[in-house]
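Visitor: got a sequence here, can you model it:
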Amino acid sequence: MRALIAEDEFLGRKVLSAFLNTLFEVDVAVNGKEAVTAFQIAHAEGKPYDLILMDIMMPEMDGLEALALIRAEEHSKKLRPQVKVLMTTALDDAKTVIRSFHDGEAAGYIVKPVHKDKLFAELQKLGFVTE
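Guide: Down below sits the predicted model:
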């Protein structure tokens, strides 16, 4: 399985990579623009991501905009199944949560700091890990 971590903070990328590298082949992107490019390359190579952890607040392109572009590409190219996306953010406000789920069709939402037990609970809900 493949996962993409889109996170602008170095420490965040390192921690999330450490959590995921036992389950996934992990790639990283430092902003939303890189995440969209990585998504496109993965599909072009025939090895799409199963999971994306997408930070919301990033430079160049934020996570919500990147997710919208990824979903638009999935819809236009009829890519199935859709990649599962967990939004990660320091923002814990209802408006951002609603935008993530409704507009971006996110599969989950984790408020930072991301702890391994919270992450693995979300991965279990998505069927990536079993108890």
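Visitor: got any ranges where the protein has weak pLDDT?
Guide: Across the chain, residues meeting the criterion (pLDDT under 70) sit at 92-104, 131.
Visitor: tell me where the chain has strands.
Guide: Using DSSP state E, the strands of the chain run over residues 2-6, 25-29, 51-55, 84-89, 108-111.
Visitor: can you list these in a markdown table and add mean neighbour count and distance to Thr37?
Guide: C-beta: built from backbone N, CA, C; applies to glycine. Below are those laid out as a markdown table (neighbours: other CB atoms under 10 Å; distance: least, CB to CB, whole Å):
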| stretch | mean neighbour count | distance to Thr37 |
| --- | --- | --- |
| strand 2-6 | 25 | 10 |
| strand 25-29 | 19 | 8 |
| strand 51-55 | 27 | 13 |
| strand 84-89 | 24 | 16 |
| strand 108-111 | 17 | 23 |
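Visitor: contacts only, for the residue nearest to Gln82 when sequence neighbours are not counted.
Guide: Distances taken as CB to CB, 6 or more residues apart in numbering place Glu74 nearest to Gln82, at 5.4 Å, with adjacent residues excluded. The contact partners of Glu74, by CB atoms under 8 Å, 6 or more residues apart in numbering, come to Arg80, Gln82, Val83.
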